[in-house]
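In: sequence-free structure coming up:
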Ligand code: ADP
């Protein structure tokens, strides 16, 4: 029985329990569904799973509008993070807890809500989150209203860090707390005598007025405002106002204002803003710079004198062409881009180019083609081309960059230089620092220095090509150093130098040292001109100059000599009473000197004719031996006077073509000298020699120092001789003129003190 009783009791208990449970469920159901509180179920992602009437009423969204949507829709943005955090807390097993959040309604009103988060279990596991939410906005306001009078509130009011004030609808402060006084720098008394607009900076007055107007006229009784106040010590501070409008029976009564000093925050914000602006400025600047750089490099490419082109790696079609390229190929780039070499060059040449391109792209290495001829509308040009593969990050060829320099002119100049170098009469050589040894020499160098070849030339030390001293007594090695340094400093240096040939012979030269650059190295190029001939000519010119002067002074002297006795004899005749004999003597002296002067003038005229090439001869066949005999007869008086014996060995010679009178003049002149400078013995001979006749006139006299000058006008030999013997020094000069006009030759052989032999050679025809 006990057992059945027990069983019965248990059954009863279970029934009551179930009944109560059902009752509870019903109660819950009614309460939850119709609750004035919002009851919402959401999953871990915040997706709304249940939305009751209370939720509809608080938030204004219907169940239909919210199911399946995110709960964040009704949560103020600044609480999103917290809402997500709360979901996680529940998920991780935190039991029921309460929070306060600011939420928003369908018509975007902010409301204060107290929320209870609770986990929802299924089979012992948390699966969803339930929240029960209560709108406390009205409550909050009324509590605060109430608090105004409460002692507790008073103490909060007094001790708050935040400025708290009550402001009338007219904008006058009715109550301020110490924090606000501290913030503004005014005493409570001062503030209570002012309105907030008096502290507001002018720029923010309009904004402030609008804000309070909106509160008074709008349906919302609270709001937030950021603005600036001027403190008593004239500092501008930023404040954040939370303002609640208090109404009584719907009529606005006063504002409760919380004032927070946010100057520091603003400062940070401004700094951030400035920093951001600065960053933006930098970015903008850099962008501009990059653009500039781009246009800079573009303009470099465009204006470089070398042809620059880019071909795509696949089809080798032109993608880019600069101006130099257009000029070289004589084509506008519009016609070039998108086309390949086959559009512009004969197939053979295009094949050649294309092969090279492919090779570059395949090898991925730069290819340097030192010389490559191409046909252009301007004719064939020679290019120095570099082909460079452009690879992507993976190392695959993207395109081919080509840089071509037109070296046609340079090459031509080089060729020209080369041929000049080879054929120049000047020796051209290079010297290399720092030893300044020769490193090259052209063919003229080899010839000039009389050396075997270039190899031998450069193997010798430079000082082997100069004598030890230069004519100015400087050591060649020292002076050479100076000359080299000057050329290096000034770019070039031209000077005279005495060089030495490899056979030991010295020769005068002009040397031009020029600084040149080749392959990045500096050399000196020396151009050496052998001026031996030039020096000789100069020497001659100098001599002829001296002779001209001597000639002039000689003429004056010679003309004066006969004039002096003529003048004195005439004076004598005029001034003195002379007898007949004296008169005749005087006149004879004058006549003799007049004849002499006449001869002299005749001779001078003759010489000037010879010199001017206006000397005429009249050739006729004549017997030379006969002419020589005539000369001996003509001079017989002088021969006798000088006690001279003459032998004449007349050779068997044909008649020759000559101006008989002139040749007679020559023979008389030579013979006259032989008698004059001789010592009593003269031998004459004639003989045929080839196509000429050779006359020899030999004496045993004083002899002549071997000197061609005796054929120059007025030259009268050594001073002692000319002082001792009479003469004009014109004779031999005229002789030479006459003989040379006959295409013959005159010369002599002599030994001082032993005698002289004159030779005259005249062609037969
Ligand atoms: P001139 O006899 O009037 O002085 P020339 O022209 O005939 O002039 O001769 C030039 C010079 O040459 C002479 O002054 C003399 O010094 C030299 N000379 C010419 N013939 C002889 C000779 N047979 N022996 C030595 N000296 C001579």
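Out: That came in fine, so what should we check first? Keep in mind it's a predicted model, so treat the numbers as computed, not measured.

In: not counting sequence-adjacent ones, nearest residue to residue 96?
Out: Closest residue in space to residue 96, ignoring its immediate chain neighbours: residue 118 at 4.4 Å, by CB to CB, 6 or more residues apart in numbering. From N, CA and C alone the C-beta is placed, and that goes for glycine too.

In: tell me how far the one you found lies from the ligand.
Out: 154 Å (CB to the nearest ligand atom, to the nearest Å).

In: ok now the helix or strand containing that residue, how far from the chain's centre?
Out: Element membership for residue 118, per DSSP states H and E: strand 110-122. Chain-centre distance of strand 110-122: 78 Å, with CA atoms, centre = their mean, to the nearest Å.

In: so what's the residue of the stretch 201-350 of the chain found nearest the ligand up against?
Out: Nearest residue of the stretch 201-350 of the chain to the ligand, counting by CB to the nearest ligand atom: residue 305, 73.1 Å away. Residues near residue 305 by CB atoms under 8 Å, 6 or more residues apart in numbering: 324, 405.

In: just confirm it is within a helix.
Out: No. The assignment for residue 305, made by DSSP: H, G, I helix; E, B strand; the rest coil, is coil rather than a helix.

In: give me the phi and psi for it.
Out: The phi/psi pair for residue 305 (degrees, to the nearest 10) reads phi -70, psi -10.

In: just the helices in the stretch 151-300 of the chain please.
Out: Remark: helices assigned in the stretch 151-300 of the chain by DSSP state H, counting those that start in this stretch are 151-159, 178-184, 188-192, 196-199, 202-217, 263-303.

In: what's the domain layout of this protein?
Out: 34-139, 160-261, 297-414, 419-530, 616-765 (automatic domain parsing).

In: export those domains as JSON lines, with columns for mean pLDDT.
Out: Output for those, formatted as JSON lines (pLDDT from 0 to 100):
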{"stretch": "domain 34-139", "mean pLDDT": "87"}
{"stretch": "domain 160-261", "mean pLDDT": "88"}
{"stretch": "domain 297-414", "mean pLDDT": "88"}
{"stretch": "domain 419-530", "mean pLDDT": "91"}
{"stretch": "domain 616-765", "mean pLDDT": "91"}
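
In: what parts of this protein come near the ligand?
Out: Contact residues (CB under 6 Å from any ligand atom) of the chain with the ligand: 669, 673-674, 677, 699, 701-704, 710, 715-717, 721-722, 727-733, 756.

In: in helices only, show me those residues.
Out: Using DSSP state H, the subset of those located in helices is 669, 673, 674, 677, 721, 722, 731, 732, 733.

In: next, the closest residue to the ligand within the stretch 251-400 of the chain: phi, psi?
Out: Of all residues in the stretch 251-400 of the chain, residue 382 sits closest to the ligand, at 68.9 Å by CB to the nearest ligand atom. Residue 382 adopts backbone torsions of phi -110, psi 130, taken as degrees, to the nearest 10.

In: center of the protein - which residue?
Out: residue 304 (11.6 Å; CA atoms, centre = their mean).

In: how near is that residue to residue 347?
Out: Distance of residue 304 to residue 347, given as CB to CB, to the nearest Å: 30 Å.

In: please apply the same query to residue 82.
Out: Using CB to CB, residue 82 is found at 79 Å from residue 347.

In: give me the more crowded residue out of the two.
Out: Between residue 82 and residue 347, counted using other CB atoms under 10 Å, residue 82 has the larger neighbour count: 14 against 9.

In: contact partners for the residue nearest to that one when sequence neighbours are not counted?
Out: Once flanking residues are discounted, residue 82 sits nearest to residue 101: 6.9 Å by CB to CB, 6+ apart. With contacts defined as CB under 8 Å, 6+ apart, residue 101 is in contact with 75, 76, 79, 82, 83, 112, 113, 115.

In: go again using 7 Å as the cut-off
Out: Neighbour list for residue 101: 75, 79, 82, 113, 115 [criterion: CB atoms under 7 Å, 6 or more residues apart in numbering].

In: most neighbours, which of those residues?
Out: Most surrounded of the contacts of residue 101: other CB under 10 Å gives residue 113, at 24 neighbours.

In: which ones are touching that one?
Out: Per CB under 7 Å, 6+ apart, neighbours of residue 113: 101, 103, 133, 134, 135, 136.

In: run through the bridge partners of it.
Out: residue 101, residue 135 (DSSP bridges).

In: beta partners of the residue nearest to residue 96?
Out: Assessed by DSSP bridges, residue 118 has beta-bridge partners residue 130.

In: that one and residue 130 touch, don't they?
Out: Yes. Look at residue 118 against residue 130 with CB atoms under 7 Å: they come within range, at 4.8 Å.

In: in the stretch 501-650 of the chain, which spans are helices?
Out: Applying DSSP H, counting those that start in this stretch to the stretch 501-650 of the chain gives helices spanning 532-575, 580-612, 624-634, 636-641.

In: please tabulate these in a markdown table, including the columns distance to residue 250 and mean neighbour count.
Out: Formatted as a markdown table, the helices of the stretch 501-650 of the chain follow (distance: least, CB to CB, whole Å; neighbours: other CB atoms under 10 Å):
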| stretch | distance to residue 250 | mean neighbour count |
| --- | --- | --- |
| helix 532-575 | 128 | 13 |
| helix 580-612 | 145 | 14 |
| helix 624-634 | 168 | 17 |
| helix 636-641 | 173 | 12 |
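
In: which SSE is immediately downstream of the helix or strand where residue 48 lies?
Out: For residue 48, the element it lies in under DSSP H and E is strand 48-51. Using DSSP H and E, the next helix or strand after strand 48-51 towards the C-terminus is helix 53-59.
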